[in-house]
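Asker: whatever this is, show me its structure:
(chains A and B)
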Amino acid sequence: MRIVLQELKKILNWKIGLLLVLANAILYFLLISYHIEHFPNGRPALDSYRIGIEMVEKYGVSMSEGEKADFKETYEQRLKDADEYIQSRVDFSSVGIHSYQDFQDINYENQEQAELRNKVVFEENVDLFWELQERERLIEFQNENDIIMANEMERGSSQQVATLEEIKATGNYYIYPELVFYNYKDFIVNVAIAIIVSVVLLLSPVFIRDRSLRLVDLQYTTRVGRNIFKRKMIAGLLAMFMVITALLAIYFSIYSLNNTGMFFSSPINSFIGGFHWYDITFFQYIVLTVLAIYFLGFVFALLAMIFSNLMPNFVALVGIQIPFIIAMIGPGISYLIYQITALDLSQWLVPSGYVLIIVIGSMFMLFVWRRERTLDIVH
Amino acid sequence: MLVVNNVSKNYGDFTALKNINLEFGSGVYGLLAPNGAGKTTLIKMLVTLISPSKGEILYNGTDITSLDEEYREVLGFLPQQFGYYKHYSPKSYLMYLAALKGIEKKVAQEKITELLDKVALSDVANKKMRKFSGGMIQRVGIAQALLNDPKIVILDEPTAGLDPKERARFRQLLTELSRDRLIIISTHIVSDIESIANEMVMIKNQELLYKDSVENICNTLDGAVYETTITNDELASFRANHVLLSEKQEQSKMLVRFVHKGESKEDWTVKNPHLEDVFLYEYRDDLSLGV
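Answerer: Numbering: from 1, shown residues only, chains lettered A, B, ... in the order given. Take a look at the predicted model:
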């Protein structure tokens, strides 16, 4: 344990700390900040967010037929408010708009009408018009979710259809605004990238540094001998776990600024935009993606340490890891995080992907350990 | 104690060591050969960094590979070049190595204080090693080799970077340590071990040349080492016909020390051979001496 702690101390030094702060600051501004600073991103995203909160507060995490009717009634009421608002303004009547219906049927070739519409919607930002637009979109999805389900079932495999049947039986799908869910997905994918890069930066020096400093001759001739390889691996994985936990704590503290806690109990299938294999809540989905990040961190930690052991110098070490990181940031993350529960993919694709990369990483590590046990330390 | 049994080491077609047989008991052994003769290969095999291609190395009758940590537990090793963390102090560096050597923290702390005192680094025990001279670093290296109170101490070029005073202190330290221990010192500097080694091991062309006492090895050139004075003009032809061991300017003439097997001339004075003479004679090709 003392050796592991000593190795851990070597890994978690202030220089690496500084490097991680710098790398994460850059990646935060490049990839993550947008999903925090611009949430909800303009209109009608803001209205979608507000209506979503109203729906959860008023109806809970699922909506009965009566509650859907109530939602439509609210829309009708807001429609009347819009009519009254339009009738209260002379500029509307002067261009021939006397109701919300007239406002929607506006003739864009009529310059006066078009200018007034732009003024009210984009300059004055009258909430009512944005809100109605979003309510209409939500009602449209609620009205058509059966058609969406039927279409999905038509092209689904038997396994997908069976899951869709279960979702259909709940009646709770394609109902709630998807803004919060997709914002989280975009956020967590970029957090995963930042964490993978951090893990690689953290653990790449583990073996190569001692080798380039010519410490191996001393380490391998002490009592622990070549078993220091295993101690370093353990220390590396502990450091990975600590850094991922710290980064997740920081990023989730930042994410809390988006104020999405009210949706945590919502089933992910209740959001518009897609179906999922698992009947889990938004919070459970968050936990799942966090676990996925730990698994990815584990695999990249293994790879970083393996390459650190095999590569002759830092340049080669960086060179060999770039394709792996690019592959992960590109298609890898898309499948393994973004679409982790997506019904569009075969149910076993994502779990098999994780098993595969973990098995490959572990086997690769075993191979390197076996090689290290008998390797001639010539230089 | 330690037996090298018919050991060879090949790297593909290249032979680094050929059929080496050696037996080491307690005492100081000098491993003497010029650079590239296979010294470091032998040392690295003795400390388990390299495995023999053929043969075996036994410690108290058991193969050192199968003894594994039991062997390394009694081993102290100073490599020719060794690494250290510049931002570590000698104390923290030795604590790290003590952990690798499986020494308890408390025991290690006491031992480190004692050893730093022995290598005269107590004053800088807590200073970062970044600004240490080569000699100071080498002394830290010597201290780490002795941390676990080893029964076998193997030192590869231990005096590199040490000044004459430090060399003298080092020799004194080795003499103190040599009781009940096996100490193997690899070097190409004859004077470092000539006076303290019980036996010398010399390797030539990847094979064992001598394993004997200094006296016996010197005797191989008994009656063949001479000194004479020649003019500067004669030097070139003298070099071409004899194995020159040293040349020294004396007034307007040259005092030469050389090896000659056969009949001597009148003005040649026969000298007692030193280890350095044998070294220079045996490795004359490797050292590019004129013959």
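Asker: and the stretch 201-350 of chain A, which residues reach chain B?
Answerer: A:210, A:213-225, A:227-228 (C-beta under 8 Å from any C-beta of the partner chain). Glycine gets a C-beta too; all of them are placed from N, C-alpha and C.
Asker: could you flag which of these are buried?
Answerer: The neighbour count (16 or more other C-beta atoms under 10 Å in any protein chain shown) marks A:210, A:215-225, A:227-228 as buried among those.
Asker: starting at the chain centroid, how far to stretch A:270-277?
Answerer: Relative to its chain's centre, stretch A:270-277 lies at 15 Å (C-alpha atoms, centre = their mean, to the nearest Å).
Asker: and the end-to-end length of it?
Answerer: With C-alpha to C-alpha, to the nearest Å as the measure, the first residue of stretch A:270-277 is 13 Å from its last.
Asker: quick check: mean pLDDT of it?
Answerer: Taken as a whole, stretch A:270-277 has a mean pLDDT of 95.
Asker: okay, among the buried ones among the residues of the stretch 201-350 of chain A next to chain B, which ones form the most distant pair?
Answerer: Of all pairs drawn from those, the one with the largest separation by C-beta to C-beta is A:210 and A:223; the distance is 17.0 Å.
Asker: my read: residue A:50 touches residue A:131, true?
Answerer: Yes. Contact status for residue A:50 versus residue A:131: in contact at 7.4 Å, counting by C-beta atoms under 8 Å.
Asker: in terms of neighbours, single out the busier of the two.
Answerer: Residue environment comparison for residue A:50 versus residue A:131 gives the larger neighbour count to residue A:131, 22 against 17, counting by other C-beta atoms under 10 Å in any protein chain shown.
Asker: buried ones in the helix or strand hosting the more buried one?
Answerer: With elements delineated by DSSP states H and E, residue A:131 resides in helix A:127-155, which encompasses its position. Buried residues in helix A:127-155, defined by neighbour count with 16+ other C-beta under 10 Å: A:128-132, A:134-135, A:137-138, A:141-142, A:145, A:149, A:152.
Asker: can you list the buried ones among the residues of the stretch 201-350 of chain A next to chain B in JSON lines and add secondary structure?
Answerer: Formatted as JSON lines, those follow (DSSP: H, G, I helix; E, B strand; the rest coil):
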{"residue": "A:210", "secondary structure": "helix"}
{"residue": "A:215", "secondary structure": "coil"}
{"residue": "A:216", "secondary structure": "helix"}
{"residue": "A:217", "secondary structure": "helix"}
{"residue": "A:218", "secondary structure": "helix"}
{"residue": "A:219", "secondary structure": "helix"}
{"residue": "A:220", "secondary structure": "helix"}
{"residue": "A:221", "secondary structure": "coil"}
{"residue": "A:222", "secondary structure": "coil"}
{"residue": "A:223", "secondary structure": "coil"}
{"residue": "A:224", "secondary structure": "coil"}
{"residue": "A:225", "secondary structure": "helix"}
{"residue": "A:227", "secondary structure": "helix"}
{"residue": "A:228", "secondary structure": "helix"}
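Asker: which of those residues lies closest to residue B:45?
Answerer: When these are ranked by distance to residue B:45 (C-beta to C-beta), residue A:221 comes first, at 11.7 Å.
Asker: okay, residue B:146: pLDDT?
Answerer: At residue B:146, the pLDDT value in this model is 93.
Asker: that one: neighbour count?
Answerer: By other C-beta under 10 Å, the residues close to residue B:146 number 19.
Asker: would you agree it is in contact with residue B:116?
Answerer: No. Contact status for residue B:146 versus residue B:116: not in contact, 10.8 Å apart, counting by C-beta under 8 Å.
Asker: sorry, back to before: packing partners of the helix holding residue A:131?
Answerer: Helix A:127-155 is packed against helix A:45-59, helix A:65-88, helix A:158-170, with contacts defined by 3 or more C-beta pairs under 8 Å, 6 or more residues apart in numbering or on different chains; DSSP states H and E.
Asker: highest mean neighbour count out of those?
Answerer: Scoring the helices and strands packed on helix A:127-155 by mean neighbour count under mean count of other C-beta atoms under 10 Å in any protein chain shown gives helix A:45-59 as the most buried, with a mean of 18.
Asker: what helices or strands is it leaning on?
Answerer: Helices and strands touching helix A:45-59, by 3+ C-beta pairs under 8 Å, 6+ apart, are helix A:65-88, helix A:127-155, helix A:179-203.
Asker: okay, the angle between the second one and helix A:65-88?
Answerer: Helix A:127-155 and helix A:65-88 meet at an angle of 140 degrees, taking axes from the mean of the first three to the mean of the last three C-alpha atoms, to 10 degrees as the criterion.
Asker: likewise the last one?
Answerer: Using the same axes, to 10 degrees, one finds that helix A:179-203 and helix A:65-88 are set 100 degrees apart in direction.
Asker: now helix A:179-203, how far from the chain's geometric center?
Answerer: Per C-alpha atoms, centre = their mean, the displacement of helix A:179-203 from the mean C-alpha position of its chain is 7 Å.
Asker: mean confidence for it?
Answerer: Averaging pLDDT residue by residue across helix A:179-203 gives 96.
Asker: helices or strands next to it in the packing?
Answerer: So helix A:179-203, by 3+ C-beta pairs under 8 Å, 6+ apart, packs with helix A:14-27, helix A:33-37, helix A:45-59, helix A:228-255, helix A:282-310, helix A:314-327, helix A:333.
Asker: what does the first one give?
Answerer: Packed against helix A:65-88, as judged by 3+ C-beta pairs under 8 Å, 6+ apart, are the following elements: helix A:45-59, helix A:100-104, helix A:127-155.
Asker: so how far is chain B from the closest residue to residue A:275 other than its chain neighbours?
Answerer: Beyond its immediate neighbours in the sequence, the residue positioned closest to residue A:275 (C-beta to C-beta, 6 or more residues apart in numbering or on different chains) is residue A:343, lying 4.0 Å away. Here the distance between residue A:343 and chain B works out to 52 Å (C-beta to the nearest C-beta, to the nearest Å).
Asker: state the number of residues packed around residue A:343.
Answerer: As a burial measure, residue A:343 scores 21 neighbours (other C-beta under 10 Å).
Asker: please apply the same query to residue A:335.
Answerer: 15.
Asker: then the one 10 residues further on?
Answerer: Other residues lying near residue A:345 total 15 when counted by other C-beta under 10 Å.
Asker: I'd assumed residue A:334 was in contact with it.
Answerer: No. When contacts are counted by C-beta under 8 Å, residue A:345 is not listed as touching residue A:334 (10.2 Å).
Asker: which parts of the stretch 101-250 of chain B are helices?
Answerer: Across the stretch 101-250 of chain B, reading from the start of the chain, the helices by DSSP state H, counting those that start in this stretch fall at B:105-118, B:134-145, B:164-177, B:190-194, B:214-219, B:235-241.
Asker: which one of those is the most hemmed in?
Answerer: Each of the helices of the stretch 101-250 of chain B was scored by mean neighbour count; the highest is helix B:134-145, a mean of 22, by mean count of other C-beta under 10 Å.
Asker: near chain A at all, that helix?
Answerer: Yes. For helix B:134-145, a contact with chain A is found by C-beta under 8 Å from any C-beta, at residue B:144.
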